[in-house]
Each structure stands twice: as C-alpha cells, then as structure tokens.
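**Student:** could you look at this predicted model? Sequence included:
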Amino acid sequence: MTIFRNQFEEIKKLIDFEDFALLTKRIIDLTLDTENISLYKNTLDFLNWLDQNTDKTEEKKERFSFILSELYQELADKPEADTDKHLLSTYNLIKSYKNSSFALGPVSFDIKAGEIIGLVGENGNGKTTLLRSLCGELQPTSGEIKYLFSHANGYDLRSKLIYIPQRTTSWQGSLLSNLRFTATSYGITGEANILTVELIVARMGLRKYRTYKWKNLSSGYKMRFELARALLRKPKLLLIDEPLANLDILAQQIVLDDFRDIARSPFRPLGIVLSSQQLYEVEKASDRVIFLKNGTPQNLDQDTDITYAETPKLIIEFESDWKQERLYAAFSAIGIERLQINGGTYVASFPASVTQNEFLRLILEQQLPLTYFRNISNSTRRFFLS
C-alpha cells in the first residue's frame, strides 16, 4: 500500500472519531496536493458551510465522506514524491568567531524529504548559529554544506530553503493582503492566488484573522503567518528558530502536529529543522534530535571531544514525596548508581542490566508514591544532567 493510501485510511477514521478539527486540516492538505482549482473551490465552499453548521454532526460526517471521496479519486493515481531523497547534507561544519571562545561544530548530518530534525540545547549553545549557517546567512569557517535539491541560482535556493527566525520583521497592511502579495511574487496569480491563499489561511488557523495587521496579532499567530507565507513558496526545506516560544502547551502540540502532517505529504514532502527549548515536545514530533552543548553535538555518530559512552542505559526521571535518602535506600535493591535532584524532580541512574519493568516492580513492592515518571534513557534530556 502506498504512503498516500495509508494516510488516507487514517484520515477516514477521523470521521468515526468525530475529530472534525483535525479532519478539516487533513482535507485542506489533500486539496492542496491535488493542485486542482475546481477542487480548491469545492473545499472552500465546504469550509464556509462548516462555519455556518457547527452542530449538524451527522450531515457533517456525510459531507466529509463525500469530499474525501472526491479527493481520493483525484489523488489515487498521482505519482508520489521520493521520500528517500536527501535535501541537505553537512560535513564537519564549523563556525567560529575571531574574538570569541565560542565555536559551532564540527557538525555532520543530513536530512531527507518528509523528515523533521529537532535542535535542542541550552541558550547560547549554537542552535541559531547552525540554522543561520544552513540557510546561508552565516558563512561557515570550514566544512561543507550541500543542497541536494534542484535550484537554478542563489535566489531560487532561498525560495526553496526558508529560514524563519524567532523574531520576525513587522509588515504593513492586512494579513490577507500580505499573503496574496507573497503568492503573486512566486507566480501564483489570478483565481489561483485567491483560492490558494484562502486554503493556506484556513490550514494555519488564520481565517478569523484575515483583516488583522501585524501589531494586532499575538506572537503565536505571527509565527503562523510566517508559516503560511513560507508554504505559499512551496519550499523544499524549512528552518525554524524557536517556533514554540510564547505558545501554551496545547498550542505547542497543535503546531508540532501541523509540522508533522505538512512535512509528510506523499506528493510535496519537505524537510524541517527546528530549534526549541521544549525538549519532550520536540522529541515526540521529530524523527531525530541533535543536542548541542558548547556548540558541539553530543548525540551524533561523529568524532567529538566529549563522549557519553559511560551514560547508564536506564535513566528514570520521576517525582515523589519521599526524601532523597529514603529513595536511595529503596532503589539500592536494584543497584542504583546515582540519584540527582533537578528543580524538584529526581533523576535515578541504573546499570545497563536493570530494566524499566524491574524499576516499576520495585515501586509497587515498596509502595513508593510516584506522581510522575519518564524513562529518559534514550532522550536528549539525559545530556542536560550535570
């Protein structure tokens, strides 16, 4: 079964679950995949109907089923993109500064179409420097960056490789007029301009804000605007600096889900590299995570000055009312090696021979009160430990 058919089967199930918000987004994604103006019109008519009929559940299900059937017929035989294609490759990338002790790198990694890579690390450890180097704003001191998608020249490259900084510049006029201007600048004109912009506005949850100006939007919606503007350019690669900043936890999850769905389109996949302080959220959404410390990746298969081979294989982060001394005594039964406190949260390290099931069995036997626990053995969270 093709990627499209697999995804389509999952989308159809959303009707039974009555998850209409997610279903609407996925229908817009499929509509944009068709590149068919008549289907653009049908979907926009459907969105307008939804706005006026929020409480008609059974009729909504019927209409969702009908429009999905239309989209399936259009896309079933469309050739899918090559998701094994590499978009970018870096080798021993280093960026240093004359009057600074800080240096980024060496960094070596690649990214494929449809893949999401997360950059994590404390502030000042090189995340923004890496993104700016990848997009060409900073010239590497040494090493190599290869852009492996077709581009005619530098301008065309910057059209297909888009960097969205954490702090974006202000703009004049309404949100809608700015997006229509962007679409025109990249060859989308006439009726296609109006319809495409409306679909992407809806996809990014901006329909209520069409007439808003820059000063009237929150930081979160300014980021959504930047993403909408980027998608109009049909990019191959998106580099995004701190897209989750200033978002509440629910909004963070929604944005990350949007990234994942957009990146993995069967017909127009793109690679995404994003930086964030929200470690666990980024790990859930990303295919791979790069942890930077003092400019150096700590979890990539490359030569570095710092290694973490000695890190125990089982590391549990948890919260409990018990004090550290009592916890250590309880965990000594399974050979605890270290028990740290980080901001009220305990982190327990065990030898490789101890399993998570043994940890949980001990919790039950000792009736140890836990209010939270997470296995961070394979999480980049372990690199934040002192």
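**Tutor:** Good, I have the coordinates. Residues are numbered from 1 along each chain as shown.
**Student:** could you pull out the helices for the stretch 51-200 of the chain?
**Tutor:** For the stretch 51-200 of the chain, the helices defined by DSSP state H, counting those that start in this stretch occupy 57-75, 127-135, 154-160, 175-185, 190-203.
**Student:** now name the helix or strand holding L250.
**Tutor:** Assigned by DSSP states H and E, L250 belongs to helix 249-263.
**Student:** okay, and the beta partners of the nearest residue to T128 once chain neighbours are set aside?
**Tutor:** Closest residue in space to T128, ignoring its immediate chain neighbours: D241 at 5.5 Å, by C-beta to C-beta, 6 or more residues apart in numbering. For the C-beta atoms, the positions are set from N, CA and C on the backbone; glycine is no exception. Using DSSP bridges, the bridge partners assigned to D241 are S275.
**Student:** contacting residues around D241?
**Tutor:** Residues near D241 by C-beta atoms under 8 Å, 6 or more residues apart in numbering: 127-128, 131, 163-166, 274-275.
**Student:** again with E70
**Tutor:** Applying C-beta under 8 Å, 6+ apart, the residues contacting E70 are 39, 42.
**Student:** roughly how far apart are it and V282?
**Tutor:** Look at E70 and V282: by C-beta to C-beta, to the nearest Å, they are 36 Å apart.
**Student:** what do you get for E365?
**Tutor:** For E365 relative to V282 (C-beta to C-beta), the value is 35 Å.
**Student:** of these two, who's got more company?
**Tutor:** Neighbour comparison, E365 and V282: the larger count goes to V282, with 23 against 10 (by other C-beta atoms under 10 Å).
**Student:** what about the more buried one, helix or strand, and which?
**Tutor:** Secondary structure assigned from DSSP H and E places V282 in helix 279-285.
**Student:** and the next helix or strand after that helix with helix 127-135, angle?
**Tutor:** From helix 279-285 onward toward the C-terminus, using DSSP H and E, the following helix or strand is strand 288-293. Here the directions of strand 288-293 and helix 127-135 differ by 120 degrees (axes from the mean of the first three to the mean of the last three C-alpha atoms, to 10 degrees).
**Student:** so who does V120 touch?
**Tutor:** So V120 contacts 127, 275-277, 279, 282, 289-292, 380 (C-beta under 8 Å, 6+ apart).
**Student:** scratch that, Q166
**Tutor:** Q166 neighbours (C-beta under 8 Å, 6+ apart): 128, 241-242, 245.
**Student:** from T182, how far out is it?
**Tutor:** 20 Å.
**Student:** repeat that for E137.
**Tutor:** Distance, E137 to T182, using C-beta to C-beta: 20 Å.
**Student:** for the two, work out which one has more neighbours and name it.
**Tutor:** Per other C-beta under 10 Å, whichever of E137 and T182 has more neighbours is T182, with 19 against 14.
**Student:** thought that one was touching L227?
**Tutor:** No - with contact defined as C-beta atoms under 8 Å, T182 and L227 do not form a contacting pair (11.9 Å).
**Student:** can you dump the C-alpha atoms of the helix holding L250 in CSV for me?
**Tutor:** Extracted in CSV, the C-alpha atoms of helix 249-263 (Å, rounded to 0.1, in the frame of the first residue of the first chain):
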residue,chain,number,x,y,z
ILE,A,249,1.3,23.7,25.9
LEU,A,250,-1.9,23.0,23.8
ALA,A,251,-0.8,25.4,21.0
GLN,A,252,2.7,23.8,21.0
GLN,A,253,1.1,20.3,20.4
ILE,A,254,-1.1,21.6,17.6
VAL,A,255,1.8,23.4,15.8
LEU,A,256,4.1,20.3,16.1
ASP,A,257,1.3,18.1,14.7
ASP,A,258,0.9,20.6,11.8
PHE,A,259,4.6,20.4,11.1
ARG,A,260,4.5,16.6,11.0
ASP,A,261,1.5,16.4,8.7
ILE,A,262,2.8,19.1,6.3
ALA,A,263,6.3,17.6,6.2
